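> here are the coordinates; sequence isn't available:
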């Protein structure tokens, strides 16, 4: 008669144990079982595809997968088989097990976000060969069987105890196309917008404006001293034929005139050229420009780095020096709007601080808690907020798990809200110059998008910023801010 005995949970069912202990053949009985649970993520699919070379669209491309019978991105079948192997090698029988044979049936697809419960149960023992047969069962969160079958292994005959290794956190670097190329491809279907480029009186800013025109993004209106523009163009070998030039005497007049044009609806966006940010923004925020909305102006960096699996927003790193609680609320609202425009339906917003606990002596943590409560009360909508979160907890699932943080935001943030301009600016520039991040900069909260780039920004950053401005301007045609 078969025994229906389960080995003590402390022996093999707790994934947080610091020591792996196997179960020798002599310790096993028919009916012994062990299990794990695992939720399928995009990263799981990508890593498995990379290792197996299985690059079929249902496994890696949500756009194409949505049209097939599975109605979404699905896991490779052997991803579940790998989880079974993991149970055998770490829990039952555990270290020292030799995998001989498997006979598995894959009954239902495993979709992104599904949670599998994987259980192996001893069904037969052969004392002469130390061979063990185990029944395998994988069910999803709906209690539907997705995989079943049997495996044969040789169980260890000697006790083995191993320190549980801490695996390195591995990140996938996507190399399937340059970020700027993908962005330009996305906005190619939109008509160019009329953009006032303010005082582009150096080769970099003038070239970027012309490149954005040639890319089909903008119809530039160059607001600057005509003679100076012509001199810059001649020196750089640039052709200004057919380009509209709004002649003004100096940079201050250029900023004032461009803001006036935007306020009257003569242009749909503004772009900073070769002038200081204070001079540029001062003309835009002036009441007579007519560009203010009910929102505070704030700056967003849209960034993408090889070390993170998705584009993300850093805010505010250029406008609000030491924002108040209400100003932070507007900063978040603007960032959520940008996330919606670029296609993130419910962005995960991490409100950053130096620690993840509410600490009265650290005002940033108090603001974070208040902002989350404002979201609970509907004062901030459209996204999921959590904070305070230290930077590592906001972007690293492993760091969040180590700290015991249970959150829909931690480890997978789409928006990083800095406590002040200095920390936000340092973070963004550090990622750009030392983390190989691509970036685009944009100001929201005005009636038109404002491309606010640094004089040190690359041509690619300026063009990417224009592409974001195109998306925003077209969105504002339907839903004015």
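Looks like it arrived, so ask away. Treat the numbers as computed from the prediction; the structure is a model and nothing was measured.

> secondary structure class for the residue most central in space within the chain?
The chain has residue 310 as the residue nearest its centroid, 3.3 Å off, counting by Cα atoms, centre = their mean. Per DSSP: H, G, I helix; E, B strand; the rest coil, the secondary structure class of residue 310 is coil.

> so what's it up against?
Applying Cβ atoms under 8 Å, 6 or more residues apart in numbering, one finds that residue 310 lies in contact with 304, 414. All C-beta atoms are positioned from the backbone trio N, CA, C, and that covers glycine.

> Give me the local confidence score for it.
Per-residue confidence (pLDDT) for residue 310: 84.

> Equivalent analysis for the one 10 residues further on, please.
What the model reports as pLDDT for residue 320 is 95.

> Neighbours of residue 157, how many?
A count of nearby residues for residue 157, using other Cβ atoms under 10 Å, gives 10.

> contacting residues around it?
So residue 157 contacts 24-26, 130 (Cβ under 8 Å, 6+ apart).

> returning to what we had before: now the residue nearest to the centre of the chain: how far from residue 441?
Using Cβ to Cβ, to the nearest Å, residue 310 is found at 19 Å from residue 441.

> which residues in the stretch 51-200 of the chain form helices?
Assigned by DSSP state H, counting those that start in this stretch, the stretch 51-200 of the chain shows helices spanning 57-60, 62-65, 77-90, 179-187.

> tell me the angle of the lengthiest strand in the chain relative to helix 77-90?
Longest strand of the chain, by residue count under DSSP state E: strand 115-126. Angle, strand 115-126 to helix 77-90, by axes from the mean of the first three to the mean of the last three Cα atoms, to 10 degrees: 60 degrees.

> Average pLDDT for strand 115-126, rounded please.
Mean predicted lDDT for strand 115-126 stands at 94.

> if we can go back for a sec, any idea which of the helices of the stretch 51-200 of the chain scores lowest on pLDDT?
Across these, helix 62-65 gives the lowest mean pLDDT, at a mean of 38.

> partner residues bridging residue 312?
residue 303 (DSSP bridges).

> what's the neighbour count on it?
25.

> rewinding a little: out of the contacts of residue 157, flag the one nearest to residue 348.
Nearest to residue 348 out of the contacts of residue 157 is residue 24 (Cβ to Cβ; 46.0 Å).

> give me every residue that touches that closest one.
93, 155-159.

> Tell me the buried residues within these.
Applying 16 or more other Cβ atoms under 10 Å to these, the neighbour count classes 93, 155-156 as buried.

> Nearest to residue 392 among these?
The closest of these, once distances to residue 392 are taken by Cβ to Cβ, is residue 93, at 36.5 Å.

> Kindly state the pLDDT recorded for the residue nearest to that closest one when sequence neighbours are not counted?
In space, and not counting its chain neighbours, residue 93 is closest to residue 155: 4.3 Å by Cβ to Cβ, 6 or more residues apart in numbering. Listed pLDDT for residue 155 reads 96.

> Mind naming the longest helix for the chain?
helix 459-478 (DSSP state H).

> List the buried residues in that helix.
Within helix 459-478, judged by 16+ other Cβ under 10 Å, the buried ones are 460-476.

> and if you look at stretch 104-112?
104, 106, 108-112.

> same question, stretch 126-136
130-134, 136.

> Between the residues you listed, which sits nearest residue 48?
The closest of the buried residues of stretch 126-136, once distances to residue 48 are taken by Cβ to Cβ, is residue 136, at 18.4 Å.

> show me the contacts for the closest one.
Residue 136 touches 84, 102, 104, 118-120, 147-151, counting by Cβ under 8 Å, 6+ apart.

> circling back to that earlier point, and the residue nearest to the centre of the chain, how close does it get to residue 341?
Applying Cβ to Cβ, the value for residue 310 to residue 341 is 16 Å.

> any low-confidence regions in the stretch 251-400 of the chain?
The stretch 251-400 of the chain contains no residues with pLDDT under 70.

> Mind jotting down where the helices sit in it?
Assigned by DSSP H, counting those that start in this stretch, the stretch 251-400 of the chain shows helices spanning 251-263, 277-285, 325-341, 363-376, 391-395, 397-402.

> Flag every buried residue along the longest one.
Neighbour-count burial for helix 325-341, with 16+ other Cβ under 10 Å as criterion, is recorded at 327-341.
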